[in-house]
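Trainee: predicted structure and sequence below. I'll ask about it afterward.
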Amino acid sequence: MLTRRVIPCLDVDAGRVVKGVSFVDIRDAGDPAELAAFYNAEGADELVFLDITASSDARDTMVDVVEKVSSEVFIPLTVGGGIRSVDDMRRMLEAGADKVSVNSAAVASPRLIADCAREFGSQCVVLAMDVKRVANPVISDIEGYGNVPAEAFWQVYTHGGRRPTALDAVKWARLATESGAGELLVTSMDADGQKTGYDNELLSVISDSVTVPVIASGGAGTLDHFYDALVEGKSDAVLAASLFHFGELRVAEVKSYLAERGIPVREV
Amino acid sequence: MHSVEKALRKVGAEPIVTSDPTDLASADAVVLPGVGASDSVMNALNTLGFSSRVKEFAASGKPLLCVCVGLQVLFNSSEEGELPGLGLIDGNVLLIPTGMTDELGSSMKVPHMGWNQVHFIGDESQRNPVFKDIPQDSHFYFVHSYRCVPDNTAEVVATADYGVEICAAVARGNVVGTQFHPEKSGDIGLKVYENFLELASGTARV
């Protein structure tokens, strides 16, 4: 039986993992390779590294990070942040990433998804989307999407959530997967950092609209939030960042909780 | 492919990544990884002159490990593409059916992506040496949209359940293939490469 995945996300700035806590068994909480090994031992099913480096000249450090982590830790590694071209993606894959996520650049030029999928295969191409609920949706924008509740409409943002676009998240999810995205990483900006649970309505609408796996992101605060994102949200994987980094919950703890509630997980 | 190389290094091999098919003749063991569509892999194998060399290597009796699409191209044909496969294993490669619902009521996605339990067929003592000491029903990492269906079901040495039976590993003599990615399956995956390396006396080519 295919298990549901639990994925820690690590923000990397100029080669260092940011906003972390010093776990007892870790010497350097900022060292990506050491943290990756720690999460691997905890039973993380995959790792996501998000490059939040502001200056582009410091970008090369991310290639080194990927190179180092993938030589030590043998679980799937997704890398995102600042990927603008087929060549950017190639560099990350050659450094040892298994999947590369695109976000703003794919919105600016949707052809990027098709180009990357053709070059490397859909399984390498993750579309990351930052999404915000619109308070008073225009109904005509969601016509043709029968399973979208009339009161719900989600808007796609780019540039780390700073720039709104005219794109509807459900339409964008469909378009991106039709273009060749092999997986979707869906972050609810409303829920992110709130610890009040994932936006399960958003997740289930998107999951029902596409045939590829969906990773839930944004909002995890308690164990049952993970369960809800998998069952109500119909997600295939759950991602959390600060919750794991600050040691509020451990990956192993999340997985045994899910197992107790009947969710298939890989326990190590 | 880079991950395969790194995993082999991790278990102590000295892999050589090559685009020169004549290298295969001097290799003690060969890993045929594969990423991408079967036609593009077959195209590359044919254009670079690997197809006949891989067949020769398989006939030599030395260990050959094929991973994911590397396994799929061993078959006669694939629904994914037009080009015939290497034909080292009789059978075909079919699309995983869509529209199935799992035990949680969610639709089952294609690609089949993530960690699934691998069930080895038959007695442990009879198991192919590549999979020795791997606990029954261990989880391995899969990413694929097509599944292998060998004509000779005795060549299926392990399966996984994804609504349909997924052929997880195949063996025909010295030719072994895994649908899952051992190089992405943590310690248990590295064990597969370690076992494979034991079968080879020295270098491995990928």
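Mentor: That came through, no problem. Numbers count the residues shown, from 1 in each chain, chains lettered A, B, ... in the order given.
Trainee: show me what contacts B:F120?
Mentor: Counting by C-beta atoms under 8 Å, 6 or more residues apart in numbering or on different chains, B:F120 makes contact with B:R127, B:F131, B:I134, B:Q136, B:V157, B:A158, B:A169. All C-beta atoms are positioned from the backbone trio N, CA, C, and that covers glycine.
Trainee: excluding sequence neighbours, find me the nearest residue to it.
Mentor: Excluding its sequence neighbours, the residue lying closest to B:F120 (C-beta to C-beta, 6 or more residues apart in numbering or on different chains) is B:A158, at 4.8 Å.
Trainee: packing partners for the helix or strand harbouring A:V254?
Mentor: Taking DSSP states H and E as the criterion, A:V254 maps to helix A:251-260. Helices and strands touching helix A:251-260, by 3 or more C-beta pairs under 8 Å, 6 or more residues apart in numbering or on different chains; DSSP states H and E, are strand A:5-13, helix A:32-42, helix A:223-231.
Trainee: could those go into a markdown table alongside distance to B:V31, mean neighbour count and mean pLDDT?
Mentor: Output for those, formatted as a markdown table (distance: least, C-beta to C-beta, whole Å; neighbours: other C-beta atoms under 10 Å in any protein chain shown; pLDDT from 0 to 100):
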| stretch | distance to B:V31 | mean neighbour count | mean pLDDT |
| --- | --- | --- | --- |
| strand A:5-13 | 26 | 23 | 95 |
| helix A:32-42 | 23 | 21 | 94 |
| helix A:223-231 | 35 | 22 | 98 |
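Trainee: now distance to chain B too, for those, in CSV please.
Mentor: Formatted as CSV, the helices and strands packed on helix A:251-260 follow (distance: least, C-beta to the nearest C-beta, whole Å):
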stretch, distance to chain B
strand A:5-13, 5
helix A:32-42, 7
helix A:223-231, 6
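Trainee: where do the strands of chain B begin and end?
Mentor: B:29-32, B:64-67, B:77-78, B:91-95, B:112-120, B:138-144, B:146-150, B:156-162, B:164-172, B:175-178, B:204-205 (DSSP state E).
Trainee: just put those in a markdown table and tack on distance to A:V6.
Mentor: As requested, the strands of chain B are exported to a markdown table (distance: least, C-beta to C-beta, whole Å):
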| stretch | distance to A:V6 |
| --- | --- |
| strand B:29-32 | 30 |
| strand B:64-67 | 25 |
| strand B:77-78 | 33 |
| strand B:91-95 | 29 |
| strand B:112-120 | 10 |
| strand B:138-144 | 13 |
| strand B:146-150 | 26 |
| strand B:156-162 | 19 |
| strand B:164-172 | 22 |
| strand B:175-178 | 24 |
| strand B:204-205 | 33 |
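Trainee: near chain A, which residues of chain B?
Mentor: B:2-3, B:6-7, B:9-10, B:35-37, B:98, B:102-117, B:139, B:141-144, B:161-162, B:183-187, B:189-190 (C-beta under 8 Å from any C-beta of the partner chain).
Trainee: buried among those? Make that a ChimeraX selection.
Mentor: Selection of the buried residues among the residues of chain B next to chain A in ChimeraX, burial being defined by 16 or more other C-beta atoms under 10 Å in any protein chain shown:
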select /B:2,3,6,7,10,35,36,37,102,106,107,108,109,110,111,112,113,114,115,116,117,139,141,142,143,144,162,183,184,185,186,189,190
